[in-house]
Every structure is written in structure tokens, then in C-alpha cells.
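> I'd like to go over a predicted model; first the sequence, then the structure.
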Amino acid sequence: MDSKTEAEINKKFKNALNKLVLLDYDGTLVNLTATPEKAKLTREITEIIRKLISLPGMEIFIITGRSHDDIDKFLDHIPINIIAEHGAIIKENGQWKTREQKSDLWKQSVIPIMNQITDACPGSFIEEKIYSLAWHYRNAESDAGYKSSRELIRILSEIIGNHDLKILDGNKVVEILSDSIGKGRAVKRLYEQNIYDFILSIGDDTTDEEMFEYFQNHSNAYTIKVGEGETFAKFKLNDISEVVSLLKKMSV
């Protein structure tokens with residue numbers, strides 16, 4: 001993103017009456033870490049978010065694939081709305097509400113497969129959430145982790161059709177969840193509940209692409225991918241420091 005585009009975004013933001021800002025967490029606001037529980041907001045980004053929340057006509061959400069308990073630990077010091085587990089659970093005005101029917105019978109078919117892959121790939125581990133199962137390989141040896149992730153995706157692809165599931169091939173994580181859940185569906189609900197004259201959506205992972213794709217044809221929406229790779233986002237930023245710089249200018 002060049003300085004001209006950044007200035008345009010800031011100007012549109014300042015002039016808008018009803019603003020919607022959607023921010024992914026890991027890889028967008030905080031660096032990816034080998035131990036997810038260490039991925040805490042810096043003091044600087046915390047203060048920026050506090051300032052953004054206080055602006056008139058502002059609605060801001062952290063939208064993440066993390067479990068609601070997990071993300072709440074990082075954000076309980078900020079009065080911010082949260083969308084967790086890729087849209088299945090939402091926190092508004094301090095209250096958590098589920099958006100999807102819970103059905104986890106399919107996990108009985110998937111957990112043995114993930115256990116088998118985990119045993120064969122030292123350093124990997126399984127995370128069970130309410131609505132999904134995630135297999136993490138960030139701590140595994142790079143080549144072995146990637147090879148095992150391809151094998152896991154291949155095996156899971158053969159069974160998802162029987163359970164209406166989908167696979168998210170994320171950054172050093174393979175996640176399986178109901179096909180009815182996704183960031184795209186979550187932001188669609190938000191968009192249809194209000195009239196926004198400015199929308200900003202920022203994320204770094206393949207899990208954010210549904211969100212970017214939904215806003216692709218909305219002229220008042222600015223979608224930004226952090227990092228390299230193909231994307232539905234309209235713009236790109238190189239890293240978290242550039243995200244912080246953009247949000248800081250918007251907050252003053």
C-alpha cells in the first residue's frame with residue numbers, strides 16, 4: 001500500500017458517520033509465536049485500539065479463529081467486541097453469544113486421524129475448540145510439518161463430504177469445522193444489521209479470505225492482507241508494524 005492510498009483510507013475513515021473495523025488477531029495485531037498463549041498485545045496497540053473504540057460512529061471487532069476463552073484472556077482489559085472461532089461465537093456489549101448450533105459428532109471420526117498424524121510428527125499438537133479441531137505444526141520441524149499437513153488434508157478431504165465440513169489450511173495449522181461457519185458469514189451478518197459508509201478489514205491468513213471476498217464488490221470497504229501471497233484483499237501491508245502505523249494515524 002502506498003502513502004496515497006493510506007491517506008485516502010484515513011480521510012474516508014475520518015469523514016464517515018458509521019464505521020466498521022474488523023481486525024484479525026494473530027499475525028495482524030500480534031506476531032505469531034511458537035506458544036500461542038504468549039501472543040499478547042503490546043501496550044502501543046492496546047492504546048491505539050482504546051482510542052479507536054472511543055471515536056464517534058465506531059464499531060470495531062476482533063475477528064479470530066481462536067476459542068472464545070482463549071481470546072478473552074488477551075482482550076479482557078479492553079471493552080471490545082469479539083468474533084471467535086471463525087464466527088461461531090460473538091461477544092457484543094460484554095456478553096458472549098453462540099451463532100451456530102453445536103454438533104460435534106463428526107469429531108469422533110476426525111480425532112483418531114489427527115492423533116495418528118500427531119504421533120508421526122514430533123512437535124505438533126491438537127487443539128479442540130467448541131466448533132472445530134485444529135492441528136498445529138508451528139513447533140514441528142519445517143519440512144516434516146508441512147509434509148504431514150498435506151497428508152492430513154488429503155485424508156480429511158475424503159471424509160468432509162459426509163459431515164458437511166470444510167478444511168482451513170492456515171499458517172502452520174490445519175483446521176476442520178462445519179461448512180456453515182466462517183468469517184465471511186460472520187461479517188455478512190454484521191453488514192446486514194447496519195448501514196456503514198466505511199469498512200476496514202485487515203487479516204493475514206487464508207482464514208481471512210472469506211472476509212475479503214465478501215467485501216470485494218463493496219466500494220466503501222477497504223480490505224487489507226498482511227504479508228505475501230494471493231488474496232481477495234484490495235490492498236497489502238508488509239507486516240504488523242505497518243498495520244500499527246495505519247491504525248495509529250486513524251486513531252488521532
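Thanks, I have the structure now.
> who's in contact with Trp106?
His163, Leu165 (C-beta atoms under 8 Å, 6 or more residues apart in numbering). (Each C-beta comes from the backbone N, C-alpha and C, glycine too.)
> and what of Lys236?
Applying C-beta under 8 Å, 6+ apart, the residues contacting Lys236 are Met1, Ile224, Lys225, Val226, Gly227, Glu228.
> quick check, it in a strand?
Yes - looking at Lys236 with DSSP: H, G, I helix; E, B strand; the rest coil, it is inside a strand.
> so it bridges to which residues?
Lys225 (DSSP bridges).
> got the phi/psi numbers for the residue lying closest to Val30 once chain neighbours are set aside?
Nearest residue to Val30, sequence neighbours excluded (C-beta to C-beta, 6 or more residues apart in numbering): Ala39, at 4.5 Å. Per-residue torsions, Ala39: phi -80, psi 70 (degrees, to the nearest 10).
> got a list of what the nearest residue to Arg50 once chain neighbours are set aside touches?
Residue nearest to Arg50 in three dimensions, not counting chain neighbours: Ile78, with 6.4 Å by C-beta to C-beta, 6+ apart. Going by C-beta under 8 Å, 6+ apart, Ile78 touches Thr46, Ile49, Arg50, Ile53.
> How about Asp26?
By C-beta under 8 Å, 6+ apart, the neighbours of Asp26 are Leu32, Pro36, Ala39, Thr64, Arg66, Asp204, Asp205.
> so when I look at the fifth one, I'm seeing a helix, right?
What that stands for is Arg66. No - counting by three-state DSSP, Arg66 is not found in a helix; it is coil.
> Quick check: it touching Glu85?
Yes - with contact defined as C-beta atoms under 8 Å, Arg66 reaches Glu85; the gap is 7.4 Å.
> For the two, indicate the residue with more neighbours.
Glu85 (25 against 22; other C-beta atoms under 10 Å).
> okay, now the closest residue to that one other than its chain neighbours: neighbour count?
Leaving aside its sequence neighbours, Glu85 sits nearest to Tyr131 (C-beta to C-beta, 6+ apart; 4.9 Å). Per other C-beta under 10 Å, the neighbour tally for Tyr131 reads 24.
> Noted, bye for now.
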